[in-house]
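Visitor: fold the following, please.
(one chain, ligands or ions: 2)
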Amino acid sequence: MTLRVGLTGGIASGKSTVSAILAELGAVVVDADLLAREVVERGTPGLAAVVEELGDDVLTPEGDLDRAAVGALVFADPDARRRLEAIVHPLVHARAAELEAAAPEDAVVVHDIPLLAEGGRADSFDAVLVVDVPTEVQVERMVRDRGWTREQAEARIAAQAGRADRIAIATHVLDNTGSREELRAAVERVLAELVARA
Ligand SMILES: CC(C)(COP(=O)(O)OP(=O)(O)OC[C@H]1O[C@@H](n2cnc3c(N)ncnc32)[C@H](O)[C@@H]1O)[C@@H](O)C(=O)NCCC(=O)NCCS
Ligand SMILES: Nc1ncnc2c1ncn2[C@@H]1O[C@H](COP(=O)(O)OP(=O)(O)OP(=O)(O)O)[C@@H](O)[C@H]1O
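Guide: Ligands and ions are numbered 1, 2, ... in the order given. Next up is the predicted model:
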């Protein structure tokens, strides 16, 4: 039987770092951010639907989704964000289900879903891992590693569930305020426990 694990955390909390460790340990990782890019690639029905909803201004001259423009729009306008999500999320969900179905029997399938606490699907997983750091650490990492301004970082955080709401859906909380080595040790412990339980 497949062990289905949900992985979430606020932006820049360390989800990708955790999913890379889990992949190294043999898990199949399904990355919702990656799928959210695929379903709006040039020429897709997803992209056509987004342009219909948000207008031609969200395209680059080459005809790709202008992610910076869309980000500036939707993280300043909750209504536009909801309209974008109403298009993208069902497409991501369908694709994630396909990838899970294609995973080997007895695989540990980890769904990396930034908005798991917002989307209300947490109950469908055998375990939910939440990567947790204080908001200030999220902001610092975005400014330090991604060159974002504080304002850009805070706008994105404001569009997400709060820390307490995420922790409320967790079966396991992974504290990522320490070193990467400490994080890896915590991930290994949790995975060993889940596999033993399954
Ligand atoms: C607005 C878009 C074009 C901005 O693209 P950009 O390249 O700047 O960001 P990217 O997609 O790499 O996302 C980075 C992080 O932003 C956060 N984020 C993205 N979308 C959202 C959202 N709708 N609400 C809150 N946070 C979000 C997540 O923490 C995510 O990990 C893009 O994020 C998008 O299409 N968002 C809507 C789809 C969505 O909800 N994706 C999240 C997981 S399915
Ligand atoms: N324990 C740590 N100590 C210092 N830096 C870290 C640690 N864990 C992750 N980072 C760094 O913090 C940043 C965010 O980590 P990561 O990309 O894994 O987060 P994420 O939650 O996947 O982000 P996003 O929501 O944007 O997808 C990265 O630059 C990463 O290298």
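Visitor: would you map out the domains in the chain?
Guide: 1-27+107-198, 36-95 (automatic domain parsing).
Visitor: name the stretch among those that sits most buried.
Guide: domain 1-27+107-198 (a mean of 17; mean count of other Cβ atoms under 10 Å). Where you see a C-beta, it was placed from the backbone N, CA and C, and this is true even at glycine.
Visitor: the residue nearest the centre of the chain sits in which helix or strand?
Guide: When Cα atoms, centre = their mean is applied to the chain, the residue found nearest the centroid is residue 114 (2.6 Å). Secondary structure from DSSP states H and E places residue 114 outside every helix and strand.
Visitor: now do the contacts for it.
Guide: 8-9, 11, 15, 32-33, 160 (Cβ atoms under 8 Å, 6 or more residues apart in numbering).
Visitor: where does this protein have low pLDDT?
Guide: The model of the chain has no residue with pLDDT under 70.
Visitor: and the strands in it, which stretches?
Guide: In chain order, the chain shows strands spanning 3-9, 28-31, 108-112, 127-132, 172-175, with DSSP state E as the criterion.
Visitor: quick check: beta-bridge partners of the closest residue to residue 16 other than its chain neighbours?
Guide: Taking Cβ to Cβ, 6 or more residues apart in numbering, and ignoring the residues beside it in sequence, residue 16 has residue 112 as its nearest neighbour in space, at 7.3 Å. Using DSSP bridges, the beta-bridge partners of residue 112 come out as residue 7, residue 31.
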